[in-house]
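Visitor: sequence-free structure coming up:
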């Protein structure tokens, strides 16, 4: 899959793209079917919502599940990522953010590069977030919200921690107010199978899920192999396998799946 010139222009101008219908209902059903088994596992890669037993994220799932290993190298994501970046890349982080109904917590205003640079030691803001909606994402269940064009601005930062007790660099409210008043806000809604692409410097936020419906979103961060982390952080935060990814066959998600070897 290749992005059109207009889509590339919009990504450069706005900092994000929302592309409905990239993955089929059959593919999404197959991906969703793998989730309950991973949620049930008791392991550090399943951090909980603060003060709750509800799982917040499933991390490093491509090392735990064969179907998600394939998804990381799916041509409908890897080929446009290579088109944008123009070089080999590795999977920096792979997760599903579950945002369970009623219990799914939000994320403060932040840019990803601030954390990738200050915590992980990533030199440049080149990484790309590729999300797949595994649920219908609506205004009710905590969609991501972006400030279009904010990736081209200098943004003030403050050090914080998130619900997983990891370092996180957030954006002060007065800086957010100024940018939103000038540039506006957009929510990244879309049905199951939507592909969402956004860059490392884009200002974004998401609220808690107050609806009864889940909001499962798969996320892989692609980072150029020439832009690797220089600090040692937990592998589930920044993967240590920095080998270039290579695209698999387009129908790989619907082929028979065997468990990954231990």
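Guide: On my side now, so go ahead. Everything numeric here is computed off the predicted structure, so don't read it as measured data.

Visitor: and the residue nearest the centre of the chain, bridged to which residues?
Guide: Closest residue to the average C-alpha location of the chain: residue 219 at 3.2 Å, with C-alpha atoms, centre = their mean. Bridge pairing for residue 219 (DSSP bridges) gives the partners residue 95, residue 131.

Visitor: for it, which residues are in contact?
Guide: Residue 219 is in contact with 93-97, 129-131, counting by C-beta atoms under 8 Å, 6 or more residues apart in numbering. No exception for glycine: its C-beta is placed from N, CA and C like everyone else's.

Visitor: now render the residues you listed as CSV, adding pLDDT, distance to residue 137 and neighbour count.
Guide: Shown next, in CSV, are these (pLDDT from 0 to 100; distance: C-beta to C-beta, whole Å; neighbours: other C-beta atoms under 10 Å):
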residue, pLDDT, distance to residue 137, neighbour count
93, 97, 20, 22
94, 97, 19, 23
95, 97, 16, 22
96, 97, 13, 24
97, 94, 11, 21
129, 98, 14, 20
130, 98, 15, 23
131, 98, 9, 24
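
Visitor: got TSV for these, with distance to residue 169 too?
Guide: As requested, the contacts of residue 219 are exported to TSV (distance: C-beta to C-beta, whole Å):
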residue	distance to residue 169
93	16
94	21
95	19
96	23
97	18
129	16
130	22
131	20
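
Visitor: out of those residues, which is nearest to residue 247?
Guide: Proximity of these to residue 247 (C-beta to C-beta) peaks at residue 130, which lies at 13.1 Å.

Visitor: so who does the closest one touch?
Guide: By C-beta under 8 Å, 6+ apart, the contact list for residue 130 reads 77, 81, 195-197, 219-222.

Visitor: mind listing the helices for this protein?
Guide: 5-14, 25-33, 35-39, 66-72, 75-85, 112-118, 173-183 (DSSP state H).

Visitor: point out the most buried one among the ones you listed.
Guide: Most buried of the helices of the chain by mean neighbour count (mean count of other C-beta atoms under 10 Å) is helix 112-118; its value is a mean of 22.

Visitor: quick one: mean pLDDT over stretch 150-158.
Guide: Taken as a whole, stretch 150-158 carries a mean pLDDT of 89.

Visitor: mind checking the end-to-end distance for it?
Guide: 17 Å (C-alpha to C-alpha, to the nearest Å).

Visitor: kindly report the same for stretch 232-241.
Guide: 13 Å.

Visitor: in that stretch, what counts as buried?
Guide: Using 16 or more other C-beta atoms under 10 Å as the burial criterion, the residues of stretch 232-241 that qualify are 233, 236-239.

Visitor: so what's the gap between it and the chain middle?
Guide: From the chain centre to the centre of stretch 232-241 is a distance of 15 Å (C-alpha atoms, centre = their mean, to the nearest Å).

Visitor: state the mean pLDDT of that stretch.
Guide: Stretch 232-241 comes out at a mean pLDDT of 94.

Visitor: kindly report the same for stretch 38-47.
Guide: 91.

Visitor: so what's the residue nearest to residue 235 when sequence neighbours are not counted up against?
Guide: Excluding its sequence neighbours, the residue lying closest to residue 235 (C-beta to C-beta, 6 or more residues apart in numbering) is residue 60, at 6.7 Å. By C-beta under 8 Å, 6+ apart, the contact set of residue 60 is 45, 94-95, 235-236, 239.

Visitor: no further questions, thank you.
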